[in-house]
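*Asks:* Got a predicted structure plus its sequence, pasted below:
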Amino acid sequence: MKYKIVCDKHEFEFEKKINDLLEQGWRLHGEIVVNLVNTGENLTCWYTQSMLKDD
């Protein structure tokens, strides 16, 4: 079994990465996690999803 974490700060790029992996046989593991990261000057939203694939 393989495990992958997909992370992106752009919603549409994140969606594309997830859809591409689903087409390659990966499956979702858990829920999407959305984190707000404050860098002092900017507030950034990061989307994260765990995925699994059988060997």
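*Replies:* Nice, thanks for sending it over. Everything numeric here is computed off the predicted structure, so don't read it as measured data.
*Asks:* all helices of this structure, in order?
*Replies:* 11-23 (DSSP state H).
*Asks:* Would you map the strands across the chain?
*Replies:* For the chain, the strands defined by DSSP state E cover 2-8, 27-38, 43-53.
*Asks:* ok, and which of those strands has the densest surroundings?
*Replies:* strand 43-53 (a mean of 15; mean count of other CB atoms under 10 Å). No exception for glycine: its C-beta is placed from N, CA and C like everyone else's.
*Asks:* Please save the CA atoms from that one in CSV.
*Replies:* Only the C-alpha atoms of strand 43-53 are listed here, as CSV (Å, rounded to 0.1, in the frame of the first residue of the first chain):
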residue,chain,number,x,y,z
LEU,A,43,-2.7,35.0,5.5
THR,A,44,-2.6,31.9,3.3
CYS,A,45,-5.1,29.0,3.0
TRP,A,46,-3.6,25.5,2.5
TYR,A,47,-5.6,22.5,1.4
THR,A,48,-4.4,19.0,2.4
GLN,A,49,-5.7,15.6,1.6
SER,A,50,-4.3,12.1,2.4
MET,A,51,-4.6,9.4,-0.2
LEU,A,52,-3.9,5.7,-0.4
LYS,A,53,-3.2,3.3,-3.3
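*Asks:* what angle sits between that strand and strand 27-38?
*Replies:* Between strand 43-53 and strand 27-38, the angle comes out at 160 degrees (axes from the mean of the first three to the mean of the last three CA atoms, to 10 degrees).
*Asks:* For residue 26, see how far away residue 36 is.
*Replies:* Per CB to CB, to the nearest Å, residue 36 is found 26 Å from residue 26.
*Asks:* who's in contact with the spatially closest residue to residue 32 that is not a sequence neighbour?
*Replies:* Nearest residue to residue 32, sequence neighbours excluded (CB to CB, 6 or more residues apart in numbering): residue 49, at 5.1 Å. With contacts defined as CB atoms under 8 Å, 6 or more residues apart in numbering, the neighbours of residue 49 are 5, 6, 7, 14, 18, 28, 30, 32, 33.
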